[in-house]
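Trainee: sequence? don't have it. structure:
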């Protein structure tokens, strides 16, 4: 159980690391205040997108518009204002709010105005509290102040200059709490209809059954925002069109109906732009145009409506989550982003990671939107950033992993093949195309016999050493390693990318690889292992190259008779030789140095072909093979042996006998007695030999492999090149060879 859980944790480690990390970073940014403007902008967008609400018929706005300013001047004289209030009083409103500063007399009629103030118990005036945000204050009308019929006209203004909060009360310069203008108007209305307004045991304001929780500095998207006084978030109903409106001139001239005033709250205030009593609010936010402003009287109407509607209409207040839920919310969406990318990393579905993230983002917005309709301000910016950041984080991890995979993949395929598979839209499609390319194959002579005598670990060590050197050279010459076949290598020059000098580079690569056998054999000698010899065959022709296999398992490779011909050409080589076809020579000459040629008839080929032995390549490459002439020394006593001819991978059952009469470091001259000769092997024939003399107390030696050389010899004799010798035979021949050299 623990093992399974451990493997799952390891598999999902990136998601498990990314999610909390992103959450912590996002919340750190959130509580540093950098996301506040974005979150408030998102809140404004929710206000704008929310379905329009019905008009609040309980509130009437008497607007001081531009017409009233032109006719009555500014400020309005006290006598005119008294007349307006008297006209309103006769229609018996439940409350009258005068959103006009009148701390000093204006024009004529002050006594009349004071008389109206003193005779109107449901009239509320305004004052600017000294302890307000901008530090300035405006005194209330003295007559109304004496009767405690004054409310604070202050609103907290956010950093972006918008009003999103209302004050139920705040402290003046003497430390006394002053209730807000809107709260006092709402109180008069609710008291008149019998709704109790008071406080809970925790000193929270309660209207009927509704408790108004005070705003705190980190609520919603706010960060360390001043929360002095008793603040609440404004749940705007809308612009001025959500309230009944009457022109101040109509009131003054008594052109209003009794039904439009009776039993309602009447708020008198400015809507004229020339009076500059305008403020930025969520409902005046626009993306494609300059933001507009809302009259202060309309904001008061919204705040009064909020208080009334919460109790009388069950209209929701704007509620916020605590910090624990917010942390969890961001964590959840960070987890969603990381998980979606992780799950879709290898999915074959039509859904792509970007579209899944976009869908998740839409779901997040939908949750925030519908929650807001029901009064919950759920943070949107931190979780959407968590969703995106975690997706980017996992994507970056996958990109890094892809880089590592690409690097690992490159160990199995040439970088160009990897690029073709991973970057080309057609790269992964099954199928191929006909292409004229140069095919290169190499093989270690007699390595199969050597590997049978060594532990598997030693064999792998030898192969890795050899292939390590060879792969580096092939890469240097821009060859595509198509396949490692044990000790053999199949390389393509011209696929997937064709170049004009493919044949030339293939030959240069072959010479460089033969030269690299010297350091390889130095390592082999240090490891106490036998030397290696390599043969190389190169051919140029038309093949089908591309992705071969099925949807589940695919190999980039080549198919065609030219591939088989390349293997046949390579099979004629002995250690250290490079044979190329005529088609390759034509593309690469004249800088190729040819040191020999012969006509052969490989299996599966109808007509004989000419193959050429390469001794080097000139030009910019300037690479040449060391050609050491074999020095044969006569043996004092011939060494008898028996041999079988190899036909491909099969060993002939016919045994023949012969004698070694001369030897060199890597070759020997063989003599066959005329009366014992069944047939004389032709040049390039492979043989298996066993010496018929005791070595290490064993009467018959282990298997020796050799190839018949083209070197001319007398009748009933031929030269052979040893391709593989058992260690005891090598020591025996070395001792003989050294003994002969010492006696010379």
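Mentor: Received the coordinates, thanks. Everything numeric in this text was worked out from a predicted model, so none of it was measured.
Trainee: After the worst-scoring helix or strand of the chain on mean pLDDT, which helix or strand is next? Please name it.
Mentor: The least trusted helix or strand in the chain, going by mean pLDDT, DSSP states H and E, turns out to be helix 415-423, with a mean of 54. Next along the chain after helix 415-423, taking DSSP states H and E as the criterion, comes strand 431-444.
Trainee: Which strands or helices does that following strand pack on?
Mentor: Other helices and strands packing on strand 431-444, by 3 or more Cβ pairs under 8 Å, 6 or more residues apart in numbering; DSSP states H and E, are strand 488-493, helix 502-526, strand 534-549, strand 554-559, helix 561-571. For glycine as for every other residue, the C-beta is placed from the backbone atoms N, C-alpha and C.
Trainee: per-stretch mean pLDDT over those, give me the minimum one.
Mentor: Mean pLDDT per stretch puts strand 554-559 lowest among the helices and strands packed on strand 431-444, at a mean of 74.
Trainee: returning to what we had before: hey, which of the helices and strands packed on strand 431-444 is tucked in deepest?
Mentor: Of all these, strand 488-493 has the most neighbours on average by mean count of other Cβ atoms under 10 Å, namely a mean of 24.
Trainee: in a helix, that's where residue 586 is, yeah?
Mentor: Yes. Using DSSP: H, G, I helix; E, B strand; the rest coil, the secondary structure at residue 586 is a helix.
Trainee: What count of nearby residues applies to it?
Mentor: Neighbours of residue 586 under the rule other Cβ atoms under 10 Å: 10.
Trainee: Tell me how far it lies from residue 598.
Mentor: From residue 586 across to residue 598, the span is 17 Å (Cβ to Cβ, to the nearest Å).
Trainee: Count the residues that sit near residue 608.
Mentor: 10.
Trainee: That one touches residue 568, doesn't it?
Mentor: No. Residue 608 lies out of contact with residue 568 (Cβ atoms under 8 Å); the separation is 11.9 Å.
Trainee: what touches both of those two?
Mentor: Applying Cβ atoms under 8 Å, 6 or more residues apart in numbering, one finds that residue 608 and residue 568 are jointly contacted by residue 600.
Trainee: phi, psi of residue 99?
Mentor: The phi and psi torsions at residue 99 (degrees, to the nearest 10) take the values phi -90, psi 50.
Trainee: Which of the helices or strands spans the residue nearest to it when sequence neighbours are not counted?
Mentor: Nearest non-adjacent residue to residue 99, counting by Cβ to Cβ, 6 or more residues apart in numbering: residue 269, 3.4 Å away. Taking DSSP H and E as the criterion, residue 269 maps to strand 265-270.
Trainee: For residue 371, give its distance to residue 359.
Mentor: Distance of residue 371 to residue 359, given as Cβ to Cβ: 19 Å.
Trainee: let me redo that: residue 592
Mentor: Residue 592 is 62 Å from residue 359, where distance means Cβ to Cβ.
Trainee: Next: residue 548.
Mentor: 38 Å.
Trainee: Repeat that for residue 14.
Mentor: With Cβ to Cβ as the criterion, residue 14 and residue 359 are 22 Å apart.
Trainee: cool, and residue 244?
Mentor: For residue 244, the distance to residue 359 (Cβ to Cβ) stands at 44 Å.
Trainee: same deal with residue 180?
Mentor: 44 Å.
Trainee: where does the protein dip in pLDDT?
Mentor: Low-confidence segments of the chain (pLDDT under 70): 1-7, 130-136, 284-290, 346-351, 401-432, 449, 549-555, 649, 677, 743-744.
Trainee: could you pull out the strands for the stretch 201-350 of the chain?
Mentor: Taking DSSP state E, counting those that start in this stretch to define them, one finds strands in the stretch 201-350 of the chain at 205-207, 210-212, 230-233, 243-247, 265-270, 278-279, 294-295, 319-320.
Trainee: returning to what we had before: what about residue 180 and residue 359, which has more around it?
Mentor: residue 180 (29 against 12).
Trainee: Look up which residues are beta-bridged to the more buried one.
Mentor: Applying DSSP bridges to residue 180 gives these bridge partners: residue 152.
Trainee: Pretty sure residue 166 is one of the things it touches, is it not?
Mentor: Yes. Shown here, residue 180 and residue 166 form a contact pair, counting by Cβ under 8 Å, at 6.8 Å.
Trainee: Next, show the common contact partners of the two.
Mentor: With contacts taken as Cβ under 8 Å, 6+ apart, residue 180 and residue 166 have residue 303 as neighbours in common.
Trainee: wait, doesn't residue 59 sit right on residue 267?
Mentor: Yes. Using Cβ under 8 Å, residue 59 is in contact with residue 267, at 6.8 Å.
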